[in-house]
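Chemist: Predicted model and sequence below, questions to follow.
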Amino acid sequence: MSCNRRISLYKQSIAFAIPFNCLYYCFMMFQRTTRGAIPFWAIPLFYAVGAIIMSYVIPRVESRFMSQFTTTISVSPAVAYYSSVATGMLALTGIIFSLLFVMVTFSATAYSPRIVLWIASDRSLSHSLGVFTSTFIFALVALVWVDRDHSGTVGQLSAACVALLLLASIAVLGYLVQRIGILRISNILRLVGESGRKEIMDLYPRLAEESSNAGDAAQTPPANAQQPPVTQTISYSGNPRAVETIDAKKLISLARRDQAVIEVMTAVGDMVFDGMPLLNVRGAGKKISERRLRRGIHLHTERTFAQDPKYVLRILVDIAIRALSPAVNDPTTAVQALDQIEDLLHLLARRDLDIGRGHDQDGVLRLTMPVPSWDDYLRLACDEILIYGSTSPQVVRRMRAMLRELMEAVSPGRRPAIERQLAALDRSIDRSFADDDHRTEARKEDRQGLGLSRRRP
């Protein structure tokens, strides 16, 4: 091959690589600007753009550099092959995702409406839609290049790419069928629990040995503590939004630079409305940039799992009390939800929940924000389930086993809250069971609800 020919091929390869590099650069910039939270529609869009670029590049590569490589398939079967793949993939995409969204809606009705966004935002669904869409687009555009300029040939590379995309779509379809198993109640509870465990481990540090006897009395600053005067207030303006995350490091850095204390007025999970104060700046010599302060509090259209283990408990409790409703009457599902709730409470028992006060590198207080205490978590996990499940022997026996095991796992400072829950459980049993034998049986500990009683000395 001559030198000029090599240079020409090199230039052609660079020209073909430029669209792919631009697509990758745009994808990375989009991911960075959205803090990794890529919308559902963006992933199929990038697949579609990639398929369009492939359909632009590959046939031209074939016609210019691979004209000697053609398949033995004649034009008519190739047209039928490409058109069948394109039309079949479009129909398959509509059927599969219609069934998936019907099942998601049914699961939301059966379990909790708050899991719709969590299931629908599963990245496997958007990637699957992207693979199906790219197969449809590439097969449709490749069809245009069959018998181009009445050459009577079919490109080998294009035919191979359509076959590979078709195989990939079949594999993705099989994965989706397997993924439907997520909608079983046991998998829903397990995945919600795993999300809660991840958030707890990311949010709370391990409880130090020297503070193992402490409670959560220092969750918020004392009301009579001497604080600098308020020098700046940032209020929210706009439609109602939920506080998704609070960037404590950024707010501490801003407060340290201006020798101030930032007081966050809303907690993660709160809904904020127009005119509601978001935070106060105390003791600053000059005003801090409002735009930078607002960046420290991230808002969302609805509540999410991020930095919010309370929301995970909220969903588990919703599933439990929905199962305990007279229309469903499924206490076994409530017991399964209590299994996950107990695991989260045991994890919280080993964590330091006092994260409402942030200090800078010199140990100076720079940030205060409202955070839930151990009692808040325990009441959220137990109160409503006890109200709606007080007449179910399964539920009260399982809850007693949970509370007694928590009593042995938590630090002494957190035991009074558990004792109050045990006392409320006893009162609820006395009100709900008229027969003495039933009351005696309901007071037994049983991790299975009704399966294996455990007697304590």
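Modeler: Yes, it's here.

Chemist: mind listing the strands for the stretch 1-150 of the chain?
Modeler: With strands called from DSSP state E, counting those that start in this stretch, the stretch 1-150 of the chain shows none.

Chemist: now it, which segments are flagged as low pLDDT?
Modeler: Residues of the stretch 1-150 of the chain that meet the criterion pLDDT under 70 lie in 1-40, 63, 65-73, 99, 103, 107-108, 116-122, 147-150.

Chemist: Can you mark which positions in the one helix or strand residue 336 maps to are buried?
Modeler: Using DSSP states H and E, residue 336 sits within helix 331-349. By 16 or more other C-beta atoms under 10 Å, the buried positions in helix 331-349 come out as 331-342, 344-345, 347-349. The way it works is simple: take the backbone N, C-alpha and C, and place the C-beta from them, glycine included.

Chemist: same thing with stretch 294-314?
Modeler: By neighbour count on 16+ other C-beta under 10 Å, the buried set for stretch 294-314 is 296-299, 303-314.

Chemist: Now do the same contact list for residue 265.
Modeler: 276, 277, 278, 279, 280, 370 (C-beta atoms under 8 Å, 6 or more residues apart in numbering).

Chemist: ok, residue 102 - how many residues close by?
Modeler: 10 (other C-beta atoms under 10 Å).

Chemist: Likewise for residue 104?
Modeler: 20.

Chemist: One more: residue 376?
Modeler: Residues lying near residue 376 (other C-beta under 10 Å) number 16.

Chemist: Kindly report the same for residue 357.
Modeler: 16.

Chemist: try the one 10 residues further on
Modeler: Residues within reach of residue 367, counting by other C-beta under 10 Å, total 26.

Chemist: on that earlier part again, pull the distance from the helix holding residue 336 to the chain's centre.
Modeler: Centre-to-centre, helix 331-349 and its host chain are 19 Å apart (C-alpha atoms, centre = their mean, to the nearest Å).

Chemist: Let's test this: mean pLDDT of whichever helix or strand comes after that helix, rounded?
Modeler: On the C-terminal side of helix 331-349, the closest following helix or strand by DSSP H and E is strand 357-359. For strand 357-359, mean pLDDT is 89.

Chemist: Name the residues that touch stretch 284-299?
Modeler: Stretch 284-299 is contacted from outside by 231-232, 234, 236, 241-248, 250-251, 254-255, 258-260, 262, 264, 266, 272, 278-279, 281, using C-beta under 8 Å, 6+ apart.

Chemist: first to last residue in it, what's the distance?
Modeler: Chord length of stretch 284-299, first to last residue, is 25 Å (C-alpha to C-alpha, to the nearest Å).

Chemist: Could you do stretch 247-264 as well?
Modeler: One end of stretch 247-264 sits 11 Å from the other (C-alpha to C-alpha).
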